[in-house]
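> sharing a sequence plus its predicted fold:
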Amino acid sequence: MRQKKNLWWLPAIALFGFFPMWVSNPSYMAIAVLTLLYMACATSWNMFSGYSGYVALGSGVFYGVGAYTMALASTHWHMAPGAGMFWLVPLGGLAASAVALPIGWAALRVRRHTFVVITIATLFIFQNAAFNFSFTGGSAGIALPFIQWNASYYNVPFYYVALGILIFITVVSAVVRRSRFGLQLLAIRDDEDRALGLGVKVAAVKRAGFTMSAFTIGMAGAVYAMFLGQIYPQFAFDPFFDISIALMAFLGGLGTLTGPLLGALILEASQQYFTVSYPYLYLFLYGALFLIVIMFMPQGVVVFLRDRVTKKAEREKAAVASNEAAVAGVAS
Amino acid sequence: MTTLLSAQNVSKSFGGVKALVDCSLDVEQGSITGLIGPNGSGKTTLFNVITGYVKPDAGTVTFEGNDITNARPNVVFERGIGRTFQLTRIFGRISVLENMLVATQRDESWLRGLTRSKSSKAEVASAMEWLDFVGIARLADLEAGALSYGQRKLLELAYVLVADPDVILLDEPAGGVNLTLINQVAEKIRTLNKSGKTFLIVEHNMEFVMNLCTWVSVMHQGTNLVSGEPAAVRSNPLVLDAYLGGGDDDEVVEAVNG
């Protein structure tokens, strides 16, 4: 097969890498941190749900488990407030994956709509648990060790850690997309029973994909908790988070590599910006953006643009061909 | 001749409907066995039981002397039984070549699948070879959903073949396909059979079955009514009675008699 050399990631990394040097406004930097976290989560979500077609709407569980892991571990171990707490981020990911194992084992026995409903239910089970268990601090939440960084500098470490996580998951998602494992996920999306009949171990592949996807979302949750410095059940286990990352992937292009990145970049950044700049209008603007995409690009922005480019190339090819035919006609 | 694949006394009910009743079928090594019978006689259910998609209520399925009753479809496939479906089932949103590659990995763990690329050079070469064999190699890069009905049938045959199964179960390979393509498919099956592949074929096209098959079994109301050489089966009064509803439909009788 022909492999196009895709180098879009080079300028993208440069742009994101230098961003904090151009933008010093802390409120914009805070938006940037959250945007990067959402981009990572949407990409991770897409790596399972986008590729396999199993739309999970309970990924807030993994985000929340990551957040609570960070909060509980840093307070119980009396960690010094500061950059050292970043070492707990992978632990948040591992905890999320550990939780994903039994959830996946149970939920992935059913298909499509039933799966969606079960994943939604798991989120509320976890949110309820966080409200009611004593070790989670109940509705009062948990205050993390207070990091006393200068306000103008505070966002920068979070920004680069979030960027690191984003690069990590983008590479993983690209590797999965090109691997045999990724092909099996796509086959499951198109016809699971047929894939089973061609020797694909669908149950193991689905569980592995689901658990892997939880890891990065858990890491992002851990960074989120540390970033805010205080977590509550309703914000750690947030139904809006589930819907957001799914919408981001849909908006950008479900099952594509760049789609969720673009979707999260557009949605999260615009949502945060609209909220701050147009507090009375932002829901209208947000809604209008959705309508435009759903009406004109139902398969997502990336697929829409890609089709435009290939169609243009085909038109040009056709034009050349008909020109040649005309010339040949004249010649004969 | 040795029996390669065998179903013994298989029964299966769906609610009150008895799809299979004490049904037995033997497929000889190297044969092209035809399975005919009216709609609803249990042919596809028997296929589903053999390939692990449906669990039988009673009875056993053996392959190469080993019991494979209740084995999962992926295990049955790994053992060397490939099948196609009556309504073709392909992976519509990946390319034709990728469709082929899904089938090339027998018995591989997910972790191994994660650490290797989609395909080795050898796998692509073998996939292209089989696509060429069925005549759709030029469509390899196309999204499979864009294929026509006939091309889908060919792709389905090709991706079953790429895994090199010992026995191939075809569910209506000639259904809804034009005459040229039917002859082409029959020719491919003969070629493969000569190279040692065993076939079990469900088909309504009598000409196709009678010309191609070396052995024919007739299903009726969930059980194997009669088995034999095509010529013997064709003239069996039981078959005429069961399959053709008393033989009062002249057109069909003619079709059977050729």
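Structure received. Quick caveat, the model's predicted, so the values are computed rather than measured.
> give me the neighbour count for residue 128.
Went with chain A since none was named. A:N128 has 12 neighbouring residues, counting by other CB atoms under 10 Å in any protein chain shown. Backbone N, C-alpha and C define where each C-beta goes, glycine included.
> the intended chain is chain B.
So B:M128, with other CB under 10 Å, has 15 neighbours.
> then the one 4 residues further on?
By the other CB under 10 Å criterion, the neighbourhood of B:D132 contains 13 residues.
> element containing it?
Here B:D132, judged by DSSP states H and E, is contained in helix B:121-134.
> output that helix as CSV, nothing but the C-alphas.
C-alpha atoms of helix B:121-134 as CSV (Å, rounded to 0.1, in the frame of the first residue of the first chain):
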residue,chain,number,x,y,z
LYS,B,121,5.1,-8.4,3.2
ALA,B,122,4.3,-12.1,2.9
GLU,B,123,0.7,-11.6,4.1
VAL,B,124,0.1,-8.8,1.7
ALA,B,125,1.5,-10.9,-1.1
SER,B,126,-0.7,-13.8,-0.3
ALA,B,127,-3.7,-11.6,0.1
MET,B,128,-3.1,-10.0,-3.3
GLU,B,129,-2.6,-13.5,-4.7
TRP,B,130,-6.0,-14.6,-3.6
LEU,B,131,-7.7,-11.4,-4.7
ASP,B,132,-6.1,-12.0,-8.0
PHE,B,133,-7.4,-15.5,-8.0
VAL,B,134,-11.0,-14.4,-7.6
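> hmm, who's touching it?
A:1, B:96-97, B:100-101, B:104, B:119, B:137, B:139-140, B:154-155, B:157-159, B:161-162, B:188 (CB atoms under 8 Å, 6 or more residues apart in numbering or on different chains).
> buried set for that helix?
B:E123, B:V124, B:S126, B:A127, B:W130, B:L131, B:F133, B:V134 (16 or more other CB atoms under 10 Å in any protein chain shown).
> that helix - what's its average pLDDT?
Average pLDDT, helix B:121-134: 90.
> rewinding a little: between the buried residues of helix B:121-134, which is nearest chain A?
Comparing the buried residues of helix B:121-134 against chain A with CB to the nearest CB places B:V124 closest, at 7.6 Å.
> A:P90: how many residues sit nearby?
The burial count for A:P90: 15, using other CB under 10 Å.
> contacting residues around it?
By CB under 8 Å, 6+ apart, the neighbours of A:P90 are A:M219.
> against A:T136, how distant is it?
21 Å (CB to CB, to the nearest Å).
> same deal with B:E123?
50 Å.
> same thing with B:R152?
53 Å.
> and for A:F19?
Counting by CB to CB - A:F19 and A:T136 are separated by 35 Å.
> which one of these two has more residues nearby?
Between A:F19 and A:T136, counted using other CB under 10 Å, the more crowded position is A:T136 (22 against 15).
> which stretches of the stretch 1-150 of chain A have low pLDDT?
Counting by pLDDT under 70, the stretch 1-150 of chain A has low-confidence residues at A:1-5.
> so where do the helices sit in it?
For the stretch 1-150 of chain A, the helices defined by DSSP state H, counting those that start in this stretch cover A:9-22, A:26-45, A:51-52, A:60-76, A:89-107, A:112-132.
> and for chain B?
Taking DSSP state H to define them, one finds helices in chain B at B:43-50, B:73-79, B:96-102, B:110-115, B:121-134, B:149-161, B:179-194, B:206-212, B:230-234, B:237-243, B:250-257.
> mind telling me which of the ones you listed the model trusts least?
Across the helices of chain B, helix B:250-257 gives the lowest mean pLDDT, at a mean of 47.
> tell me which parts of the stretch 51-200 of chain A are close to chain B?
A:175-176, A:178-184, A:186-187, A:189-191, A:193-200 (CB under 8 Å from any CB of the partner chain).
> neighbours around the spatially closest residue to A:S44 that is not a sequence neighbour, how many?
The shortest distance from A:S44 to any residue other than its chain neighbours is 3.8 Å, reached at A:T216 (CB to CB, 6 or more residues apart in numbering or on different chains). A:T216 has 27 neighbouring residues, counting by other CB under 10 Å.
> what of the one 4 residues further on?
The local packing of A:A220 (other CB under 10 Å) involves 33 other residues.
> now it: which helix or strand?
Element membership of A:A220, judged by DSSP H and E, is helix A:202-228.
> after that helix, which helix or strand is next?
Using DSSP H and E, the first helix or strand after helix A:202-228 is strand A:230-231.
> next structured bit after that following strand?
Counting by DSSP H and E, what follows strand A:230-231 is helix A:233-236.
> what residues of that following helix count as buried?
Quick answer for helix A:233-236 (16+ other CB under 10 Å): A:P233, A:F235, A:A236.
> what mean pLDDT does it have?
92.
> please name the nearest non-neighbouring residue to B:V167.
Spatially, and ignoring its direct neighbours in sequence, B:V167 is nearest to B:T198 (4.3 Å; CB to CB, 6+ apart).
> right, and the one you found touches B:T3 too?
No - using CB atoms under 8 Å, B:T198 is not in contact with B:T3; the gap is 10.3 Å.
> how close does A:I266 get to A:D190?
Distance from A:I266 to A:D190, by CB to CB: 28 Å.
> between the two, which has more neighbouring residues?
With neighbours defined as other CB under 10 Å, A:I266 and A:D190 compare such that A:D190 has more, 21 against 17.
> for the host helix or strand of the more buried one, which positions count as buried?
Using DSSP H and E, A:D190 falls within helix A:180-197. Buried residues in helix A:180-197, counted by 16+ other CB under 10 Å: A:180-192, A:194-197.
> next: stretch A:145-164.
A:145, A:147, A:154-164.
> now the end-to-end length of that stretch.
Start-to-end span of stretch A:145-164 (CA to CA, to the nearest Å) is 23 Å.
> picking up where we left off before, now for the buried residues of stretch A:145-164, which pair is the farthest apart?
Based on CB to CB, the longest span within the buried residues of stretch A:145-164 runs between A:P145 and A:L163 and measures 23.2 Å.
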